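# quick one: sequence plus predicted model below, questions after.
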There are 2 protein chains.
Amino acid sequence: MFSKTCEYAIKASIYIASQSLENKRVGIKEIAHEISSPEAFTAKILQVLSKNHLVDSIKGPNGGFEIQPEKMRSTNLSAIVKAVDGDNIFISCGLGLKNCSAKNPCPLHNQFAKIRNDITKLLESTSLEELATGLTSGLTFLTSIQNQA
Amino acid sequence: MFSKTCEYAIKASIYIASQSLENKRVGIKEIAHEISSPEAFTAKILQVLSKNHLVDSIKGPNGGFEIQPEKMRSTNLSAIVKAVDGDNIFISCGLGLKNCSAKNPCPLHNQFAKIRNDITKLLESTSLEELATGLTSGLTFLTSIQNQA
DNA sequence: AAAATAAAAGAGTTTTTTGTCTTTTATTAT
DNA sequence: ATAATAAAAGACAAAAAACTCTTTTATTTT
């Protein structure tokens, strides 16, 4: 579905947002630990998110990453996915055809159009804020039980 | 969504089935040409499908691949996907958690449960036969317009 | 100004996926 | 039996994705 990169991007964003809700700025080390991701790789991904203004990064002592409440309200999952995976998941053919369309449909075109549409709707209608509050309130988790320390 | 391997597997199966509907056995060269796939790689994939009894392979002159009408009726897409990609797409968490479940849900668990379920239903309810007849009747295509010779 | 902190940048490496090439085995027609 | 045909098998090779390490830049505190 998503690339590993994208999975880390989403999890990191949710964690940063949840900490920002408590007015805490977080560093790469903490983020990587909390989402069980490789630290240096996660740093690279955060660079991309930062360049796309999806997270704010502050250098130096007391620096780290944060997301303003207003931003996490206006940011939906699709923006994060697009920033790291491009718009493949939104438009690409299930069988990999370059020009799959209603006029030149692959055998799965109609069946997959609906699913792709559902995915798009979901990603566009889910805000970072709601995901962050779910985490903060303890309803959801960013690691599996056996992954935790 | 699917791996390249899986895309080729599905397309090859549909093409073989469509030709079998016209009592034609087809060779690797023809298959690869018709679905715009690398020939040797496609041969490897067909070995897997053959071992899983999803296609029949016949060696020697006049040999090639075929799928009996009865088999293409009873084979659904999920069997092909499982044979080459495993059951990842049916069970795995959208954020890659090992133990994502209703009891330990990732932030996207509920949203994705529905989509994963739709995908499973689709793959389990779509038979190779209906995909093959769609191709034979000229309603669907296995190559993009600009991919064709 | 200097030292400490923390992200950015760039140049790698490893692993996985995708794909190729050559040899072998099975089948069929002559 | 022999030659021809076509898939099977196995050992590689290339490309992409995932991931690391080192150096640089920006910021802040002393």
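The structure has been received and is ready for your questions.
# C-alpha only now, for contacts and for neighbours.
OK.
# now the helix or strand in which residue A:79 is found - C-alpha only, PDB.
Assessed by DSSP states H and E, residue A:79 sits inside helix A:77-85. C-alpha atoms of helix A:77-85 as PDB (Å, rounded to 0.1, in the frame of the first residue of the first chain):
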ATOM      1  CA  LEU A  77      -3.100  12.300   5.300                       C
ATOM      2  CA  SER A  78      -3.100  12.800   1.600                       C
ATOM      3  CA  ALA A  79      -0.600  15.700   1.800                       C
ATOM      4  CA  ILE A  80       1.900  13.500   3.700                       C
ATOM      5  CA  VAL A  81       1.400  10.600   1.300                       C
ATOM      6  CA  LYS A  82       1.800  12.900  -1.700                       C
ATOM      7  CA  ALA A  83       5.000  14.400  -0.300                       C
ATOM      8  CA  VAL A  84       6.800  11.100   0.100                       C
ATOM      9  CA  ASP A  85       5.200   8.600  -2.300                       C
END
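# which residues does the nearest residue to residue A:62 once chain neighbours are set aside contact?
Closest residue to residue A:62 apart from its sequence neighbours, by CA to CA, 6 or more residues apart in numbering or on different chains: residue A:25 at 7.8 Å. Listed by CA atoms under 8 Å, 6 or more residues apart in numbering or on different chains, the contact set of residue A:25 reads A:16, A:19, A:62, A:63, A:64, A:65, A:66.
# quick one: the last one and residue A:28 touch, right?
No - taking contacts as CA atoms under 8 Å, residue A:66 lies outside contact range of residue A:28: 11.1 Å.
# so what touches stretch A:119-128?
Contact with stretch A:119-128 is made by A:13-14, A:17, A:72-79, A:90, B:111, B:115, as judged by CA under 8 Å, 6+ apart.
# for stretch A:134-148, same thing?
Contact partners of stretch A:134-148, identified using CA under 8 Å, 6+ apart, comprise A:11, A:14-15, A:18, A:34-36, B:97-100, B:104-107.
# filter the residues you listed down to the buried ones and hand me the ChimeraX line.
Filtering the contacts of stretch A:134-148 down to the buried ones (16 or more other CA atoms under 10 Å in any protein chain shown) takes a single ChimeraX command:
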select /A:11,14,15,18,34,35,36 /B:97,99,100,104,105,106,107
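# what about the contacts of stretch A:134-148, which are in strands?
Nothing among the contacts of stretch A:134-148 maps onto strands, per DSSP state E.
# sort out for me which of the contacts of stretch A:134-148 are in helices.
A:11, A:14, A:15, A:18, A:34, A:35 (DSSP state H).
# burial count for residue A:59?
The tally of other residues near residue A:59 (other CA atoms under 10 Å in any protein chain shown) stands at 9.
# near chain B, which residues of chain A?
Neighbours of chain B within chain A, by CA under 8 Å from any CA of the partner chain: A:1-2, A:4, A:7-8, A:10-11, A:89, A:94-100, A:104-108, A:111, A:115, A:118-119, A:122, A:131, A:134-135, A:139-147.
# just the buried residues of these.
Buried subset of these (neighbour count, 16+ other CA under 10 Å): A:2, A:7-8, A:10-11, A:89, A:94-97, A:99-100, A:104-108, A:115, A:118-119, A:122, A:131, A:134-135, A:140-144.
# okay, strands next: where are they in chain A?
Remark: strands assigned in chain A by DSSP E are A:56-58, A:64-66.
# for the last one, name the packing helices and strands.
Contact here means 3 or more CA pairs under 8 Å, 6 or more residues apart in numbering or on different chains; DSSP states H and E; on that basis strand A:64-66 packs against helix A:4-20, strand A:56-58.
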